[in-house]
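Engineer: structure of the sequence below:
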Amino acid sequence: MASFFGNLEEWVKMQKSMLETMRKVDAMLKDADRLDLIVASRTAFQHIMRTIRAFDQWLQDPLIISHMPKKLLVEVRERIWKILEELLLLDIEHTSKVKEHLEKLMKEGKINPLLWTRPVEEERISRRRISTVTI
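Structural biologist: Below you'll find the predicted structure:
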């Protein structure tokens, strides 16, 4: 049982260290270039996914869920729903803005043709849709 509690303590230390590092790096990202912003965002996503996987496993552990007070479960559910809402809002807003920006670049002829392979794929999908449409 001591190793179980030790593992939990190590997890909390690691998360606190990540939080401290994130806060320090955030100040350095004010004048970051595009690559640094991408790396920082991807690193954050990776840590978010790792934390979510661990939290999901935590909520599947019979020892944890059979002894966790309802008050803590309510708190987790409320906070995770706020996080989900914020993530969905970010995704909707970001995807919409990128779509608009790419459409603008497309109209201006500024899309690199080597990177734009979607028209071929979209044409293939359209053909498939037309061929499966029944009248």
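
Engineer: spatially central residue for the chain, please.
Structural biologist: Among the residues of the chain, the one closest to the centroid is residue 45, at 4.8 Å (CA atoms, centre = their mean).

Engineer: check that residue and give its pLDDT.
Structural biologist: In this prediction, residue 45 carries a pLDDT score of 96.

Engineer: try residue 133
Structural biologist: Predicted confidence (pLDDT) for residue 133: 59.

Engineer: please apply the same query to residue 113.
Structural biologist: According to the model's per-residue confidence, residue 113 sits at a pLDDT of 88.

Engineer: and residue 40, by the same measure?
Structural biologist: In this model, residue 40 is scored at 96, pLDDT.

Engineer: residue 117 too?
Structural biologist: Here the pLDDT value assigned to residue 117 is 76.

Engineer: look up how far residue 98 lies from it.
Structural biologist: With distances taken as CB to CB, to the nearest Å, residue 117 is found 17 Å from residue 98. Every C-beta, even on glycine, is put in place using the N, C-alpha and C of the backbone.

Engineer: cool, residue 82 as well?
Structural biologist: From residue 82 over to residue 98 the distance is 24 Å, taken as CB to CB.

Engineer: and the helices in this structure?
Structural biologist: Secondary structure of the chain (DSSP state H): helices located at 2-28, 34-58, 62-67, 70-107, 118-132.

Engineer: go through the ones you listed and find the least confident stretch.
Structural biologist: Per-stretch averages of pLDDT across these put helix 118-132 at the bottom, with a mean of 62.

Engineer: what number of residues lie near residue 76?
Structural biologist: By the criterion of other CB atoms under 10 Å, residue 76 has 14 neighbours.

Engineer: my bad, residue 36
Structural biologist: Here the number of neighbours of residue 36 (other CB under 10 Å) works out to 13.

Engineer: so it sits against residue 29, correct?
Structural biologist: Yes: contact between residue 36 and residue 29 holds when scored by CB atoms under 8 Å: they sit 6.6 Å apart.

Engineer: tell me how this structure divides into domains.
Structural biologist: The record, using automatic domain parsing to delimit domains, assigns the chain the ranges 1-68, 69-135.
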